[in-house]
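Q: Take a look and give me a structure for this.
(one chain, ligands or ions: 1)
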Amino acid sequence: MMEKTRSASAIARANIALIKYWGNHDANLRLPANSSISLTLDGLETKTRVSFDDSLPADQIHINGVSADEESRSRVATHLDRIRRLAGISSFAIVESQNNFPSGAGLASSSSAFAALTLAGVVAAGMQPDRKDLSRIARMGSGSACRSVLGGYVIWYAAQSDTESFAEQLAPREHWHLVDLIAIVDRQHKHTGSTLGHSLADTSPLQPARVSDAARRIEICRRAILERDFQELASVVEQDSNLMHAVMLTSTPPLMYWTPQTLEVMRAVYDWRDEGFDVCYTLDAGPNVHCLCTFHHAEEVKNRLEHIPGILEILEAHPGEQAQLIEVEGNPSH
Ligand code: PMV
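A: Down below sits the predicted model:
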């Protein structure tokens with residue numbers, strides 16, 4: 001007999017890009033303009049439960065205990081449509097999603113959110129894809145989510161087709177204990193979200209230069225990770241972040257994410273590295289500064305960050321695991 005409800009819960013962690021994804025060559029499929037590399041973060045988690053129920057008249061989406069706004073609702077429902085199409089089912093679902101990090105911290109949660117939604121959604125829908133296909137499906141919900149399907153150090157390949165653009169682990173989290181100290185300087189939600197931001201990338205005359213040099217940066221970053229070479233990593237990570245923000249600043253309209261405090265933290269980090277500390281900065285589409293450091297230097301860097309006026313909060317994250325299933329109920333295969 002057909003089960004009436006089929007549900008699954010999954011957990012996924014956010015990731016910080018070391019080599020950034022910015023701009024798509026196919027926005028529909030979210031095929032990125034360049035390959036990217038990230039570190040999955042265990043401090044920043046999303047738990048999501050998806051329950052397909054034949055009796056529902058529409059999808060119901062709850063984020064952190066409240067009904068999602070129209071923009072998030074429609075983005076999640078579109079992703080559920082993809083999963084329904086792949087699984088050959090038509091029932092609507094209840095989605096309940098919780099972030100463990102302060103939702104007002106001004107941090108993007110789409111990487112962990114769409115990785116957890118994809119894993120819970122496909123399993124509740126009765127599919128059992130491998131990591132590669134899971135990553136491809138997550139990619140269509142949010143590009144960076146395809147990297148959160150994997151743990152540790154992860155590479156996402158830019159490719160011409162849907163089947164070839166997926167993420168893969170470069171090294172497990174135990175390989176290198178880096179710490180991400182996230183200096184929150186602004187708790188406002190970002191003015192321009194990344195979906196719109198990606199579509200503006202090609203309006204910057206600097207984007208072709210950023211993209212055509214990406215393979216070189218990927219190779220330096222990949223080698224620095226595999227050889228645990230912090231100095232090499234630091235210079236390529238900072239250059240890559242600066243290149244992305246140069247594209248943002250020169251887009252039409254320009255995207256300016258930095259505040260004066262952002263710049264202050266970036267300069268301090270740069271000076272501390274000059275003094276001999278293993279620390280570098282990287283920024284996503286927002287003003288908060290991710291300060292990456294080796295485990296041995298993390299405490300001192302945190303102390304110093306605490307003395308910079310204007311930092312509202314410091315979040316600490318360590319290398320994290322791949323997205324995991326927590327629970328499955330009902331019998332999805334019937
Ligand atoms: O996955 P999206 O659409 O939220 O885009 C992520 C964009 C950046 O965070 C700025 C860079 C990246 O590679 O994660």
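Q: Enumerate the residues of the stretch 51-200 of the chain near the ligand.
A: 108, 110, 142-144, 194-195 (Cβ under 6 Å from any ligand atom). Every C-beta, even on glycine, is put in place using the N, C-alpha and C of the backbone.
Q: For the residues you listed, which PyMOL command selects only the ones that are buried?
A: For the buried members of those, the matching PyMOL selection, counting by 16 or more other Cβ atoms under 10 Å, is:
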select buried, resi 108+110+142+143+144+194
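Q: Check pLDDT for the residues of the stretch 51-200 of the chain next to the ligand and point me to the minimum.
A: In this model, the minimum pLDDT among those belongs to residue 108 (63).
Q: what separates residue 70 from residue 60, distance-wise?
A: Distance of residue 70 to residue 60, computed by Cβ to Cβ, to the nearest Å: 13 Å.
Q: of the two, who's got more company?
A: Set side by side, residue 70 and residue 60 show more neighbours around residue 60, with 17 against 7, by other Cβ atoms under 10 Å.
Q: So the closest residue to the more buried one other than its chain neighbours versus residue 12, what's the distance?
A: With sequence-adjacent residues excluded and distances taken as Cβ to Cβ, 6 or more residues apart in numbering, residue 60 is closest to residue 94, at 4.8 Å. Taking Cβ to Cβ as the measure, residue 94 falls 19 Å from residue 12.
Q: What of residue 79?
A: 14 Å.
Q: If you count surrounding residues, which of the two has more?
A: Of the pair residue 79 and residue 12, residue 12 is the one with more neighbours under other Cβ under 10 Å, namely 31 against 22.
Q: Could you report the pLDDT at that one?
A: 98.
Q: For it, identify the helix or strand it belongs to.
A: Here residue 12, judged by DSSP states H and E, is contained in strand 5-19.
Q: Tell me if the helix or strand following that strand is near the ligand.
A: Using DSSP H and E, the helix or strand that follows strand 5-19 towards the C-terminus is strand 24-26. No - Strand 24-26 stays clear of the ligand (Cβ under 6 Å from any ligand atom), getting no nearer than 8.8 Å.
Q: For the stretch 151-300 of the chain, which segments count as strands?
A: Under the criterion DSSP state E, counting those that start in this stretch, the stretch 151-300 of the chain carries strands at the ranges 153-156, 167-171, 178-184, 279-282, 289-294.
Q: Tabulate those strands in TSV, adding columns for mean neighbour count and mean pLDDT.
A: Output for these, formatted as TSV (neighbours: other Cβ atoms under 10 Å; pLDDT from 0 to 100):
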stretch	mean neighbour count	mean pLDDT
strand 153-156	25	98
strand 167-171	20	98
strand 178-184	24	97
strand 279-282	25	98
strand 289-294	24	98
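Q: about what we covered before: quick one, the helix or strand harbouring the residue nearest to residue 60 and strand 5-19 angle?
A: Using DSSP H and E, residue 94 sits within strand 92-99. Per axes from the mean of the first three to the mean of the last three Cα atoms, to 10 degrees, the angle that strand 92-99 makes with strand 5-19 is 40 degrees.
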